[in-house]
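> Sequence first, predicted coordinates after that:
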Amino acid sequence: MPQPRWVCLAACCLLGALAPAETAVSAVPAGLAAGEEGLIASPQPDWPQWRGPRRDGVAEETGLRAEWPEDGPTLLWRIGGLGRGWSSPIIVDGTLYVTGDVGDDLVVSAFNLDGAPRWRTVNGRAWKGPYPGARATCAYAEGRVYHMNAHGRVACLDARTGNERWAVNVLDRFQGKNITWALSECLLVDGPRVIVTPGGEKGLIAALDKRTGRTRWVTPPIAEERTSHASPILFRYAGRRIIANNSAGHGFGVDAETGELLWTVPLKNRFGTNVATPVYHAGSIYYATPYGELGRQYRLRPTGEGVTAEHLWTSPVDPVTGCAVLVGDTLYAAGYRRLRRWFAIDWETGETQHELDDFTTGAAIYADGRLYVLDQDGNVGLVDPRPGRMEVTGRFRLIDERVRDAWAHPVVLDGRLYLRYHDSLWCYDVRAR
């Protein structure tokens, strides 16, 4: 069986904006009022987890450059020696946390925002299997950093010192088996719980106590189902707080308080590999997988016993290292297998509104009306999405050599753009002058 090149990453994101006339629509939802539906943001400041405060790839930024000079924005610094890997940094209260495989170890590193090191610690073994390198991004909550390595070792670290507070192996605890390209889940911290998706004989998805690592609830397994590479989202719908994620053959949702399984939908491909983070908006959820069901939207409906998911439309776009993210009424996504370019897709109908072939498949962050793109070939782009078109207003090359695995996701925070390729992390000034 051939091995697709994308399977080393956890779920990926693309972002964009749709604007009435020539004015960009804001992608940043207001904080939820009591009982209001929508994505639930982390209460932590800055960029505390995978894909940002709401795990949707939206940066809450203004005052950024609308165009870049020919050679790109100003480089502030570059850090080397991170180790091999595709994880993105998180940033909280002036400290940046990022992982990499160094020798035989998975290393978590902390830096000041000028690139100076603070500490380094080990979270178990490096991944030496197919596509070696660190996978998952860290999560921050109340002075602690949480991370799961490629072998299922979940560690809680003191954010100030890097000292380990507790660690458990979720594959061992829930009798799961590792997958071909290794665990890649970027942990979700929900109040007192850390969410993991072991896909084992003793649990599909589970909540660990974030202070002790003990199991707080567990969702019974789906028969003969294993985990996959995706990372969950958290949202409120129909009076429930819900966690949605992917396993090897299904998209699913569970009650965030109890772990009750609310729905499953088919999400099969011949590799059993689902990477893309789900997208939720206004009572509908979008899952994507290559080779099989492709991109599908489902309408959620509450029932007396739970929630049903009714299939509404299918898009031929098959995002992998960049999934799809909604801004306004438009979903932005990059295809992987057949359609290695970028698409604007109508959220209501699934119809393609526009295509952009300047970049191949990749990941992006949306900030201040623009997409910040890193494609798998190492090209960086600034894209202005408008009705019926996507205009490139800046580009440069991050990596001189020829590559096909620039899969880490950009981060935009406080006027800075962070880009990672394996051993190195670059920081650029993207503020308007």
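Done, it's in. Residues are numbered from 1 along each chain as shown.
> can I assume Arg125 is in contact with Asp105?
Yes - Arg125 is in contact with Asp105 according to C-beta atoms under 8 Å; the separation is 6.8 Å. In short, each C-beta sits where N, CA and C put it, glycine included.
> Have a look at the two and say which one is more surrounded.
More neighbours sit around Asp105 than around the other of Arg125 and Asp105, counting by other C-beta atoms under 10 Å; the figures are 18 against 14.
> What values do phi and psi take at the more buried one?
Dihedral angles of Asp105 (phi, psi; degrees, to the nearest 10) stand at phi -120, psi 150.
> And for Arg173?
According to degrees, to the nearest 10, the main-chain angles of Arg173 amount to phi -60, psi -40.
> Quick check: the gap between it and Thr277.
When distances are taken as C-beta to C-beta, to the nearest Å, Arg173 and Thr277 turn out to be 24 Å apart.
> neighbour count winner among those two?
Neighbour count, other C-beta under 10 Å: between Arg173 and Thr277, Thr277 has more, with 29 against 21.
> Just say helix, strand or coil for that one.
Assigned state for Thr277: coil (three-state reduction, DSSP: H, G, I helix; E, B strand; the rest coil).
> which one in this structure is furthest away from the centre?
With C-alpha atoms, centre = their mean as the measure, the chain has its most outlying C-alpha, relative to the mean C-alpha position, at Gly304: 32.1 Å.
> count of residues packed around the nearest residue to Glu310 once chain neighbours are set aside?
Distances taken as C-beta to C-beta, 6 or more residues apart in numbering place Arg299 nearest to Glu310, at 4.7 Å, with adjacent residues excluded. By other C-beta under 10 Å, 14 other residues sit near Arg299.
> coming back round to it: can you pull the pLDDT of the residue farthest from the centre of the chain?
Gly304 is assigned a predicted lDDT (pLDDT) of 84.
> Then the one 10 residues further on?
Each residue has a pLDDT score; the one for Thr314 is 94.
> does it really touch Arg296, like I thought?
Yes - with the criterion set as C-beta under 8 Å, Thr314 and Arg296 qualify as a contacting pair; they are 5.1 Å apart.
> more neighbours, those two?
Neighbours were tallied for Thr314 and for Arg296 using other C-beta under 10 Å; the higher tally belongs to Arg296 (22 against 13).
> May I have the phi/psi pair for the more buried one?
Here the main-chain torsion angles of Arg296 (degrees, to the nearest 10) amount to phi -130, psi 140.
> measure it to Gly152 for me?
With distances defined as C-beta to C-beta, the gap from Arg296 to Gly152 amounts to 29 Å.
> which stretches of the stretch 1-150 of the chain aren't confidently modelled?
1-31, 34 (pLDDT under 70).
> residue ranges of the strands in it, please?
Along the stretch 1-150 of the chain, the segments classed as strands by DSSP state E, counting those that start in this stretch run 38-39, 58-59, 74-79, 90-92, 95-102, 105-112, 117-125, 139-141, 144-148.
> Out of those, which gets nearest to Pro45?
Relative to Pro45, the nearest member of the strands of the stretch 1-150 of the chain by C-beta to C-beta is strand 90-92, separated by 6.1 Å.
> correct me, but the residue nearest to Glu310 touches Ala309?
Yes - in this structure Arg299 lies within contact range of Ala309 using C-beta under 8 Å: 7.2 Å.
> Is Arg78 in contact with Leu425, as I believe?
Yes - between Arg78 and Leu425 a contact is recorded at 7.0 Å, counting by C-beta under 8 Å.
> Who has more neighbours out of these two?
Neighbours per residue (other C-beta under 10 Å) separate Arg78 from Leu425, with Leu425 holding more: 25 against 12.
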